[in-house]
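**Student:** all I have is the shape, not the residue letters:
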């Protein structure tokens, strides 16, 4: 017997494990496939969710700082009483005016509503795809964090007199006015003439959707010509500072309850929507998906672990004589244990690496579809490799122990 360093034991066991896997390619590939599918399922889902979450700040963070919105419907609705919400009274222009007159704390109270239209023309050009038609006022531009790049904003007199004027997003400008200045030009919206008074700065895309495909007109004009019985307004309220945000919010809620005659003790019959609440709701939804994916992945990995144990037990049976020869020439129980454990761990880790690569690639299809930055979840990749190691050791320890316990003399006699 002679002593060898732990490093040499691992090195020798590693190459012996590689050689054993090469000799049983099909069986090893099937085992790797089980591990890879289990890791792929969790890494793929986590990568897709992380990619979406990385763009939540820009995608859901749609309002200006210290701003909240009062509206009839919640922005994201999961498990809510849809009938009760649908039966709420619409928020109308009169309620907006009363809130604006009575509220003392907000620095800005604005109103908006919108729909999609297709019939928009300028001379011989027309929009082939749908465009958002937004009814707003002089505060809408500020609320939605964009700026006028040319011309002017909607003015209070435009709203007061319901003028036929409009402000264009850059997508509309690109399609209707590719080679000329749109300011003061006349376009037709659903057959009605509107004069272009301004254009906004280009904002780009969020969640694969353009943020520049809109036409803004005075809210009063919108209500006169494009509203229906389902039209309900959104009231945007901006607090003077983060310090006064809660007070402003409570004041607005109190006034709206009075305007809408909500009795004491009853729930609000309107929603208060904030950036943080939208992000939290989205996170709650993705949290459920994560738990489900984790549960499915655990089942897949346990099944793959059973496959590893099975292949290792078969391998021990097939290599009894080899084990006897190794023991006869000086291999210790530790050497045999390490060799077979190394083989199980290698199968798990290699399968895990393949699963991680597949999962990251598959999960980032979301970034391609929605045109958002790709994400590599290093934390989940490390967790995946750690779990694969546990699977390899946990399900490989018994076959390795069984191999190490074999009697060398009986092993040499085995046929």
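**Tutor:** Ah, there it is. Predicted model, so just to flag it, every value in this text is computed and none were measured.

**Student:** what about the strands in the chain?
**Tutor:** Remark: strands assigned in the chain by DSSP state E are 67-71, 108-117, 120-122, 125-126, 131-136, 148-151, 165-168, 186-189, 192-200, 205-206, 209-210, 214-218, 234-238, 271-273.

**Student:** buried ones in the third one, by neighbour count?
**Tutor:** For strand 120-122, the buried set under the neighbour-count rule, 16 or more other Cβ atoms under 10 Å, comprises 120, 122. The way it works is simple: take the backbone N, C-alpha and C, and place the C-beta from them, glycine included.

**Student:** and residue 242, backbone torsions?
**Tutor:** phi -60, psi -30 (degrees, to the nearest 10).

**Student:** how many neighbours does it have?
**Tutor:** 9 (other Cβ atoms under 10 Å).

**Student:** again with residue 97
**Tutor:** Neighbouring residues of residue 97 were enumerated by other Cβ under 10 Å; the total is 13.

**Student:** nearest to residue 377, out of the strands of the chain?
**Tutor:** strand 205-206 (21.4 Å; Cβ to Cβ).

**Student:** pretty sure residue 192 contacts residue 164?
**Tutor:** Yes: with contact defined as Cβ atoms under 8 Å, residue 192 reaches residue 164; the gap is 6.7 Å.

**Student:** just give me the lowest mean pLDDT stretch among the strands of the chain.
**Tutor:** The weakest mean pLDDT among those belongs to strand 205-206, with a mean of 68.

**Student:** so how far is residue 110 from residue 137?
**Tutor:** Distance check for residue 137 against residue 110: by Cβ to Cβ, to the nearest Å, it reads 6 Å.

**Student:** and the helices in the stretch 151-300 of the chain, which stretches?
**Tutor:** 156-160, 170-176, 219-225, 245-259, 275-318 (DSSP state H, counting those that start in this stretch).

**Student:** the ones you listed: lowest mean pLDDT?
**Tutor:** When I compare the helices of the stretch 151-300 of the chain, helix 275-318 is least confident, with a mean of 72.

**Student:** centre of the chain to that helix, how far?
**Tutor:** 19 Å (Cα atoms, centre = their mean, to the nearest Å).

**Student:** same deal with stretch 260-268?
**Tutor:** For stretch 260-268 - counting by Cα atoms, centre = their mean - the centre lies 35 Å from the chain centre.

**Student:** mind listing what's buried in it?
**Tutor:** Applying 16+ other Cβ under 10 Å to stretch 260-268 flags residue 262 as buried.

**Student:** same deal with stretch 29-47?
**Tutor:** 31-32, 34-47.

**Student:** please apply the same query to stretch 215-229.
**Tutor:** Buried residues in stretch 215-229 (16+ other Cβ under 10 Å): 215-223, 226-227.

**Student:** any chance of the residues you listed in CSV with distance to residue 186 as columns?
**Tutor:** Listed next are these as CSV, based on distance: Cβ to Cβ, whole Å:
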residue, distance to residue 186
215, 13
216, 16
217, 13
218, 16
219, 21
220, 20
221, 15
222, 18
223, 22
226, 18
227, 23
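
**Student:** before we move on, the earlier item: looking at residue 192 and residue 164, which has the bigger crowd around it?
**Tutor:** Using other Cβ under 10 Å, the more surrounded residue of residue 192 and residue 164 is residue 164, with 16 against 13.

**Student:** contacting residues for the closest residue to that one other than its chain neighbours?
**Tutor:** Closest residue to residue 164 apart from its sequence neighbours, by Cβ to Cβ, 6 or more residues apart in numbering: residue 194 at 4.8 Å. By Cβ atoms under 8 Å, 6 or more residues apart in numbering, the contact list for residue 194 reads 164-166, 186-188, 215, 217.

**Student:** need the strands of the chain in CSV with distance to residue 296, can you?
**Tutor:** Listed next are the strands of the chain as CSV, based on distance: least, Cβ to Cβ, whole Å:
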stretch, distance to residue 296
strand 67-71, 37
strand 108-117, 38
strand 120-122, 47
strand 125-126, 49
strand 131-136, 38
strand 148-151, 49
strand 165-168, 48
strand 186-189, 49
strand 192-200, 45
strand 205-206, 30
strand 209-210, 30
strand 214-218, 41
strand 234-238, 39
strand 271-273, 33
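
**Student:** residue 360: which of those strands is closest?
**Tutor:** strand 205-206 (22.8 Å).

**Student:** got the contact list for residue 234?
**Tutor:** 69-71, 91, 111-113.

**Student:** what do you get if the cut-off is 7 Å, keeping everything else the same?
**Tutor:** Listed by Cβ atoms under 7 Å, 6 or more residues apart in numbering, the contact partners of residue 234 are 69, 71, 112-113.

**Student:** any idea what the closest residue to residue 126 other than its chain neighbours is bridged to?
**Tutor:** Computed as Cβ to Cβ, 6+ apart, the closest residue to residue 126 that is not its neighbour in sequence is residue 120, at 6.6 Å. Note on residue 120: beta-bridge partners by DSSP bridges are residue 189.

**Student:** who touches residue 120 in this structure?
**Tutor:** So residue 120 contacts 126-127, 131, 187-189, 215 (Cβ under 7 Å, 6+ apart).

**Student:** from residue 179, how far out is it?
**Tutor:** 18 Å.

**Student:** what's the answer for residue 219, then?
**Tutor:** The value you get for residue 219 to residue 179, if Cβ to Cβ is used, is 32 Å.

**Student:** straight-line length of stretch 158-165, end to end?
**Tutor:** 7 Å (Cα to Cα, to the nearest Å).

**Student:** scratch that, stretch 369-383 is what I was asking about
**Tutor:** 27 Å.

**Student:** same check on stretch 86-100?
**Tutor:** 25 Å.

**Student:** how about it: buried residues?
**Tutor:** 91, 93, 95-96, 99-100.

**Student:** now stretch 374-384
**Tutor:** 375, 377, 380-381, 384.

**Student:** who are the contact partners of the closest residue to residue 102 other than its chain neighbours?
**Tutor:** Leaving aside its chain neighbours, residue 102 sits nearest to residue 255 (5.1 Å; criterion: Cβ to Cβ, 6+ apart). Contact analysis of residue 255 by Cβ under 7 Å, 6+ apart lists 99, 102-103.

**Student:** apply 8 Å and report the result again.
**Tutor:** Contacts of residue 255 (Cβ under 8 Å, 6+ apart): 98-99, 102-103.

**Student:** for residue 244, same thing?
**Tutor:** Residue 244 neighbours (Cβ under 8 Å, 6+ apart): residue 105.
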